[in-house]
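# need a 3D model of the following:
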Amino acid sequence: MFRGTFFHSLDDKARVAIPRKFRELLPADQGEPRVVVTTSTGGGPRTLDVYPMAAWKGLEARISSMPQFADRTRLFKRNYVHPAQELVLDAQGRILLPQNLREHISLQKDAVFTGDIEKFLIWSKESWQHQKTADEAAGDSISFDDFGI
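A predicted model of the protein is given here:
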């Protein structure tokens, strides 16, 4: 399970190191750790969703079982599956983030990684700070009881 918040910066080649705690949870697939990175979808903040390969394959199986000719399925696939990129971690645990993915979250230099249980998210630092402030303001109104926990 991915949990926690970590801060890293892009290098001059647009590579960013995956936090060590997250790398430890990424099994090697075809000899090297791989992730699938895609753009967030829905009305929330713009993030990149990062899945270990096995979790992405499970998601693909669920998507394949959806009504393939339904407009909502097609829209979801265009917004979530089409931008997805399979990325290989290098020996230093970095990934090269393609420009279109960086642009989606307005990522210039400073990235924030947050655990999201089965996946993790990459934010621009500015967007994360803005959302964190909004979440803290709303946080007092949320309890475990709201979720049956």
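
# give me the element the residue nearest to Tyr80 when sequence neighbours are not counted is part of.
With C-beta to C-beta, 6 or more residues apart in numbering as the criterion, Tyr80 has its nearest non-adjacent residue at 4.8 Å, and that residue is Thr41. In this view, the C-beta of every residue, glycine as well, is placed from N, C-alpha and C. Secondary structure from DSSP states H and E places Thr41 outside every helix and strand.

# what's the neighbour count on Thr41?
15 (other C-beta atoms under 10 Å).

# what about the strands in this protein?
Ranges of strands within the chain are 5-9, 15-17, 28-29, 32-39, 48-52, 85-88, 94-96, 110-116, 119-124, based on DSSP state E.

# one step back: show the pLDDT at the residue nearest to Tyr80.
Per-residue confidence (pLDDT) for Thr41: 87.

# what sits against it?
Residues near Thr41 by C-beta atoms under 8 Å, 6 or more residues apart in numbering: Phe76, Asn79, Tyr80.

# correct me if wrong: the second one contacts Ser40.
Spelled out, that is Asn79. No: applying C-beta atoms under 8 Å, one finds Asn79 not in contact with Ser40, separated by 9.2 Å.

# more neighbours: these two, which one.
Using other C-beta under 10 Å as the criterion, Asn79 and Ser40 rank with Ser40 on top: 18 against 14.

# with adjacent residues omitted, what lies nearest to the more buried one?
Thr47 (4.4 Å).

# mind listing what the one you found touches?
Contacts of Thr47 by C-beta under 8 Å, 6+ apart are Ser40, Ile105, Leu121, Ile122, Trp123, Ser127.

# next, give phi and psi for it.
phi -140, psi 170 (degrees, to the nearest 10).

# what angle sits between the biggest helix by length in the chain and strand 5-9?
Looking across the chain with DSSP state H, the single longest helix is helix 125-138. Interaxial angle of helix 125-138 relative to strand 5-9 (axes from the mean of the first three to the mean of the last three C-alpha atoms, to 10 degrees): 160 degrees.
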